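1. after the sequence you'll find the predicted model.
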Amino acid sequence: MFIFLYGEDTYNSLLKLNEIKAKFKEKTDPSGINVVTFDGEKFDLEKFSSASSQSGFLVSKRLVIVKNLLKSKLSADVTESLKGMMDNLKASENIFVFWEDGRPDARSSLFKSLTKDKKFVQEFSLLTDDKLALWVKKYVQSQNSQIDSQSLNLLISTSDNNLWQIANDLDKLLAYSQGKITTEAINRLVQPKIDENIFGLIDAIAAGNPALALKMLNEQLEIGLNHIYIMSMIIRQFRIIVRLKSLNDQKFSQAEIAKQTALHPFVIKKSLPLAAKFTLDKLQHIYSQLLKIEKKFKSTSLSPQALLELFILEI
C-alpha cells in the first residue's frame, strides 16, 4: 500500500503521519523496530530498495516512511529506477508512506506516480477562516476550556493561518486562563502575525493602481503562498475594513472600536487608514464580489490566479 500526504498545512499532515505510525505499532509492531524512515535530502536508492523488499522482523510487514522525496534533487536515472521499483512494490505487504512539506510540482513524474491511486492520497490545504475557527474550538474543548466568539475572532485575526503558531499560542493561553480564554489574555500573550503584503495589496487596490496590485499578487504566488490562503486573507481583511469603516463613520474612538470588534490594536491601526480610502458602498460591493469569486474557485474552468487577477482589474 502506498500513501501520499502533502500540503501547506504541515501541522495536520504530520498528525496524520503520526496517527498512521501509532496504528501500525498498535496493531502490528509494538516494538517499532519495523518502522523505517528515509529523509529525501539524503535519499539512498539502494538502502530504500533493501528496506522495502524485506518483510517484517517477527511480524508480517514493515512501515516505510519517506519524507520530502520530491524536494530532493534526484537524478533522472534514480527517478526512473525508483518509479520502476515502486511499481513492483505495489504487491508488497509492506506499507509505504510518502510525506511532503508543501505542495510539490504537479508536473513531476514522481508526483504523478504517487497520485495515481486517489484513494490513498490526501492534500492538506491551509484552513479557511470558518474551518480554522472550528479547529480552534475543538482544540480548546479538548483541553476542557472555553473561548467566546469575540476572543476566537481576535485570535484568528492575529494569526497567519499557521497552526503550529496557533497551537503554541493556545497552549500559552490555556495555561494562563482559568477555564476560559478571554480577549484580555490574547492581547496580553499573543503577538499579531498579519501579512504586511496583504495590507500593501489592499492599499494598491484602494489607490486604483491595478499594475502594483497585480505585481504584489504575483509576488506572493511566486514565493509559494496558496491561492486559497491569499483569498482568505483578502476576504478577512476586507471584512475587517467594512466593520471599521462603519464604526469610524459613527465617530467611535480607536479604544471603542477595539472594544466593539475585539480586534487587536495592531490590526485596527493598520486597517483604519485603508478604510478611509473607500466608501461603505464600495466596500460592501468589493466584499460581495470576493465571496462570489471564492465560490467560483470550485465551479469554473478559470484558474484561481486568473480569478484573483480579474477581481483586481474589475475593482
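-> Nice, thanks for sending it over.
2. where does this protein dip in pLDDT?
-> For the chain, the stretches with pLDDT under 70 are 160, 191-196, 223-226, 229, 264, 298.
3. what about the strands in it?
-> 2-7, 35-39, 63-67, 95-101, 121-123, 146-147, 180-181 (DSSP state E).
4. now these as a markdown table including distance to V136 and mean neighbour count?
-> Where you see a C-beta, it was placed from the backbone N, CA and C, and this is true even at glycine. Listed next are the strands of the chain as a markdown table, based on distance: least, Cβ to Cβ, whole Å; neighbours: other Cβ atoms under 10 Å:
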| stretch | distance to V136 | mean neighbour count |
| --- | --- | --- |
| strand 2-7 | 19 | 21 |
| strand 35-39 | 31 | 17 |
| strand 63-67 | 28 | 22 |
| strand 95-101 | 23 | 21 |
| strand 121-123 | 22 | 14 |
| strand 146-147 | 7 | 20 |
| strand 180-181 | 9 | 20 |
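5. including distance to L163, could these go into CSV?
-> CSV is the format used below for the strands of the chain (distance: least, Cβ to Cβ, whole Å):
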stretch, distance to L163
strand 2-7, 12
strand 35-39, 23
strand 63-67, 19
strand 95-101, 14
strand 121-123, 15
strand 146-147, 16
strand 180-181, 17
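6. D203: which of the ones you listed is closest?
-> Smallest distance to D203 across the strands of the chain (Cβ to Cβ): 30.2 Å, for strand 2-7.
7. the closest one: how far from the chain's middle?
-> 15 Å (Cα atoms, centre = their mean, to the nearest Å).
8. try stretch 227-243
-> 15 Å.
9. now do stretch 255-263
-> In terms of Cα atoms, centre = their mean, the centre of stretch 255-263 is found 28 Å from the chain centre.
10. in it, what counts as buried?
-> The neighbour-count check on stretch 255-263 (16 or more other Cβ atoms under 10 Å) flags I257, A258, T261, A262, L263 as buried.
11. ditto for stretch 198-205
-> Within stretch 198-205, the residues scored as buried using 16+ other Cβ under 10 Å are I198, F199, L201, I202, D203, A204, I205.
12. what about the nearest residue to N68 once chain neighbours are set aside, distance to E19?
-> Counting by Cβ to Cβ, 6 or more residues apart in numbering, N68 lies nearest to G40, which is 3.8 Å off, once chain neighbours are set aside. To E19, G40 is 21 Å away according to Cβ to Cβ, to the nearest Å.
13. between these two, who's got more neighbours?
-> Neighbours were counted for G40 and for E19 using other Cβ atoms under 10 Å; G40 has more, 18 against 10.
14. follow-up on the earlier one: quick check, nearest of the buried residues of stretch 255-263 to S72?
-> Closest approach to S72 among the buried residues of stretch 255-263 (Cβ to Cβ): L263, at 42.9 Å.
15. count of neighbours near the residue lying closest to the closest one once chain neighbours are set aside?
-> Leaving aside its chain neighbours, L263 sits nearest to S157 (5.8 Å; criterion: Cβ to Cβ, 6+ apart). Around S157 there are 24 other residues, counting by other Cβ under 10 Å.
16. I'd guessed S157 sits against V267; true?
-> Yes. Using Cβ atoms under 8 Å, S157 is in contact with V267, at 5.5 Å.
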